[in-house]
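Q: Sequence first, predicted coordinates after that:
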Amino acid sequence: MRIGYARVSTPEQDTGMQISVLKESGCSTVYEEKISADCFNKPRLLYLIDHLSPGDVLVVWKLDRLSRSLKDLLTLLEKIKLVGAEFESLTETINTNTAAGRMMMQIIGSFAEFEHAVLYERTIIGLQAARKEGRIGGRRPKLNLQQQKEVLEAFGSGKKTASNIAKLFNVHPSTICRLLNKNKTLSIKN
């Protein structure tokens, strides 16, 4: 029996196109999942593999729908092989029923892992370059520099508590507490 597996990385994405292609290729059943490829714990995929029978073929639209890591990919393929089932990727035209298909599968898996590693390295290099230029990632501060100065002055005068200041600036009290902790010259009074 041909059994399909369709996966997208986020709940907002749609598996419709994958399911359509898998059904056209002869899959009688298609399991779908909305979870990142980096996550090894894919419940629907693991359930599917656990319920494969000898002679079944697990079919995916594209190899990266199964896994981006060569190690994880080989582990999944070994599980499929142990039950006597086969694997097929439609886009890369890989079928583990043949020696050439098994070899191509490992080569393409290596390239997928390489591509992921290169992307990760580029991201790290980009973040380091941005930091050297004085740019930092993350959310913008809730309070600008002038507001931060006013908060410190108001708290330093002893006339207002951190909670009162938070209400005045329409921010959460923890925002004020973080600012005060960062400027430890003042002791926190709530």
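A: Yep, that arrived. Numbers count the residues shown, from 1 in each chain.
Q: any idea how far R2 is from the residue nearest the centre of the chain?
A: For the chain, S36 is the residue whose C-alpha lies nearest the centre (C-alpha atoms, centre = their mean; 4.5 Å). Distance, S36 to R2, by C-beta to C-beta, to the nearest Å: 26 Å. The C-beta positions use only the backbone N, C-alpha and C, and glycine is treated the same way.
Q: that older thread, looks like the residue nearest to the centre of the chain contacts S9 (just checking).
A: Yes: at 5.0 Å, S36 counts as touching S9 under the criterion of C-beta atoms under 8 Å.
Q: Residues in contact with stretch 139-146: which ones?
A: Here stretch 139-146 makes contact (C-beta atoms under 8 Å, 6 or more residues apart in numbering) with Q148, V151, F169, V171, T175, L179.
Q: Pull the most distant pair out of the residues you listed.
A: Using C-beta to C-beta, the two most remote members of these are Q148 and V171, lying 10.9 Å apart.
Q: closest to L74 among the contacts of stretch 139-146?
A: Distance to L74, by C-beta to C-beta, is smallest for T175 among the contacts of stretch 139-146, at 47.6 Å.
Q: can you tell me the helix or strand for that closest one?
A: helix 173-182 (DSSP states H and E).
Q: Quick check: buried residues in that helix?
A: Neighbour counts over helix 173-182 (16 or more other C-beta atoms under 10 Å) mark T175, I176, L179, L180 as buried.
Q: helix/strand/coil for L143?
A: The local conformation at L143, judged by DSSP: H, G, I helix; E, B strand; the rest coil, is coil.
Q: I'd like to know how many residues surround K132.
A: 8 (other C-beta atoms under 10 Å).
Q: Backbone torsions only: list them for it.
A: For K132, the backbone dihedrals (degrees, to the nearest 10) come out as phi -60, psi -30.
Q: quick one: G158 from P54, how far?
A: Distance, G158 to P54, by C-beta to C-beta: 79 Å.
Q: And for L74?
A: As judged by C-beta to C-beta, L74 and P54 stand 20 Å apart.
Q: Then I107?
A: From I107 across to P54, the span is 27 Å (C-beta to C-beta).
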